[in-house]
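Enquirer: sharing a model prediction with you, sequence too.
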Amino acid sequence: MNNSQQTIRVGLFFLLGVALAWITFVALSGGQVFQKKGYTLIAPFANLKGLKTGDDVLMAGVKIGSVAQTRLGQQRVEAVLSIDPKVQIPTDAVASVETSSLLGSQHLAVSFGRASTTLKEGDEIQTKTTVDMNEVISQLGSLGAKLEQVAEGVSKALGGGEGSSSMFAKIDKIVTDNGPKLTETIANLQDITARIKNSEGTLGKLVNDPKLHDELLVSVQEIKRAAADARLFMDDAKTIVADVKSGKGTLGVLLYDEAAAANIKTTAANLRSISDKINNGEGTLGKLISDDDLYKDVQSTLKKADQMIDSLNDQGPITAVGVAAQAVF
């Protein structure tokens, strides 16, 4: 083999090594060796849940960038995103940390937005908290432990524990002890249902006799009408009471009109004064009631009037007038 052939082989091996190195570099850099890196967005979270530098940023499953950096902020953590400059993200888009596989790898998912404006260099993208698979697995573990406790309790209740009988044994004992009573009760129920079916007793007639059923419905309707009438009466009574309280009508005036009450008091006082005067013999009516002499004079006058009327039967008008005057005076 001459020197020229050796030189060619060495050159080919060198070119092959350079090509392999280039392919490896391009693969590791994601094919962005000579492309623009894109613009940067900030995604704030309370917990990144395993998201790390280099993880993909996906929109509807399509890669639009990657996580350039993760860092701590004030009371939060931030993921610095490097977004493809060709992709414009609306300002109302929302980013969330999602699980890529069961192995625990994460990616950042960005939802579609509807806003007409887009995010620019250094803007913050809205984020939302998603379920952490670790927390779900932990909760599933707790749920499994609780299910084991429940299963153990059910097993003890069914199979019985130490010093206690099982649930089935208790049920069997209850049925055995109360078997005759249960049989008697079932027989009584069968007898009652048979009587009802044969229209015996009030309930049987009510179930099977259409006439009795109709009469019962009529009675119910009458009770409803009576209740309606009672309701109307109560409404009228409420109206009357309201009118009386507002001073309407004679009773309302008597109860709530102060002027009418004063007049009634004055009238009662006058009546009492008159009765006192009559009782004390004051005035004509009092003297007529209390003075015996006046009573005798009236009786004497009445007798004279009787005599005058008797004498009128036999005398003329002139004589009658004279007799009457004589009798009176």
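Expert: Yep, it's here. Numbers count the residues shown, from 1 in each chain.
Enquirer: only C-alpha atoms for contact and neighbour calcs from this point on.
Expert: Will do.
Enquirer: after the helix or strand harbouring Thr176, next one along is what?
Expert: Secondary structure from DSSP states H and E places Thr176 in helix 167-177. Counting by DSSP H and E, the next helix or strand C-terminal to helix 167-177 is helix 179-197.
Enquirer: mind giving me the packing neighbours of that following helix?
Expert: Using 3 or more CA pairs under 8 Å, 6 or more residues apart in numbering; DSSP states H and E, the elements in contact with helix 179-197 are helix 201-208.
Enquirer: ok, which stretches of the stretch 101-250 of the chain are strands?
Expert: 106-110, 126-127 (DSSP state E, counting those that start in this stretch).
Enquirer: centre of the chain to the longest one, how far?
Expert: The gap between where strand 106-110 is centred and where its chain is centred comes out at 43 Å by CA atoms, centre = their mean, to the nearest Å.
Enquirer: buried sites along it?
Expert: 106-110 (16 or more other CA atoms under 10 Å).
Enquirer: closest one to Gly144 out of those residues, please.
Expert: Nearest to Gly144 out of those is Gln106 (CA to CA; 26.3 Å).
Enquirer: what's around Leu302, how many residues?
Expert: 13 (other CA atoms under 10 Å).
Enquirer: please report how far Pro44 lies from Val62.
Expert: 22 Å (CA to CA, to the nearest Å).
Enquirer: mean pLDDT for the strands of the stretch 101-250 of the chain - can I get that in a markdown table?
Expert: Formatted as a markdown table, these follow (pLDDT from 0 to 100):
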| stretch | mean pLDDT |
| --- | --- |
| strand 106-110 | 91 |
| strand 126-127 | 94 |
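Enquirer: out of these, which is closest to Gln307?
Expert: Here strand 126-127 is closest among those (CA to CA), at 132.7 Å.
Enquirer: can you pull out the helices in the stretch 151-300 of the chain?
Expert: 167-177, 179-197, 201-208, 210-245, 249-256, 258-279, 283-290, 292-311 (DSSP state H, counting those that start in this stretch).
Enquirer: what's the answer for the stretch 1-150 of the chain, then?
Expert: Secondary structure of the stretch 1-150 of the chain (DSSP H, counting those that start in this stretch): helices at 3-28, 133-159.
Enquirer: now the weakest link among these, please, by mean pLDDT.
Expert: Least confidently modelled of these is helix 133-159, at a mean of 69 by mean pLDDT.
Enquirer: on that earlier part again, of the helices of the stretch 151-300 of the chain, which approaches Phe14 most closely?
Expert: Of the helices of the stretch 151-300 of the chain, nearest to Phe14 by CA to CA is helix 167-177, at 84.6 Å.
Enquirer: give the other helices and strands that the closest one contacts.
Expert: With contacts taken as 3+ CA pairs under 8 Å, 6+ apart, helix 167-177 sits against helix 133-159.
Enquirer: domains in this protein, by residue range?
Expert: Per automatic domain parsing, the structural domains of the chain span 36-130, 181-256, 258-290, 292-328.
Enquirer: possible to save those domains as TSV with distance to Arg9?
Expert: Below are the domains of the chain laid out as TSV (distance: least, CA to CA, whole Å):
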stretch	distance to Arg9
domain 36-130	37
domain 181-256	105
domain 258-290	135
domain 292-328	177
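Enquirer: of those domains, which stretch is the most buried?
Expert: Among those, domain 36-130 has the highest mean neighbour count (mean count of other CA atoms under 10 Å), at a mean of 17.
Enquirer: how distant is that domain from the center of its chain?
Expert: With CA atoms, centre = their mean, you get 44 Å for domain 36-130.
Enquirer: going forward, count from 106.
Expert: Got it, first residue is 106 now, which makes that one domain 141-235.
Enquirer: alpha carbons of the helix holding Thr281, as PDB, please.
Expert: Taking Å, rounded to 0.1, in the frame of the first residue of the first chain, the C-alpha atoms of helix 272-282 are listed here in PDB:
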ATOM      1  CA  MET A 272     -73.000 -11.600  62.100                       C
ATOM      2  CA  PHE A 273     -74.600 -14.600  60.300                       C
ATOM      3  CA  ALA A 274     -74.500 -16.600  63.600                       C
ATOM      4  CA  LYS A 275     -76.300 -13.700  65.300                       C
ATOM      5  CA  ILE A 276     -78.900 -13.500  62.600                       C
ATOM      6  CA  ASP A 277     -79.400 -17.300  62.700                       C
ATOM      7  CA  LYS A 278     -79.900 -17.100  66.500                       C
ATOM      8  CA  ILE A 279     -82.500 -14.300  66.200                       C
ATOM      9  CA  VAL A 280     -84.400 -16.200  63.500                       C
ATOM     10  CA  THR A 281     -84.300 -19.400  65.700                       C
ATOM     11  CA  ASP A 282     -85.400 -17.700  68.900                       C
END
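Enquirer: that helix versus helix 284-302: what angle between them?
Expert: 70 degrees (axes from the mean of the first three to the mean of the last three CA atoms, to 10 degrees).
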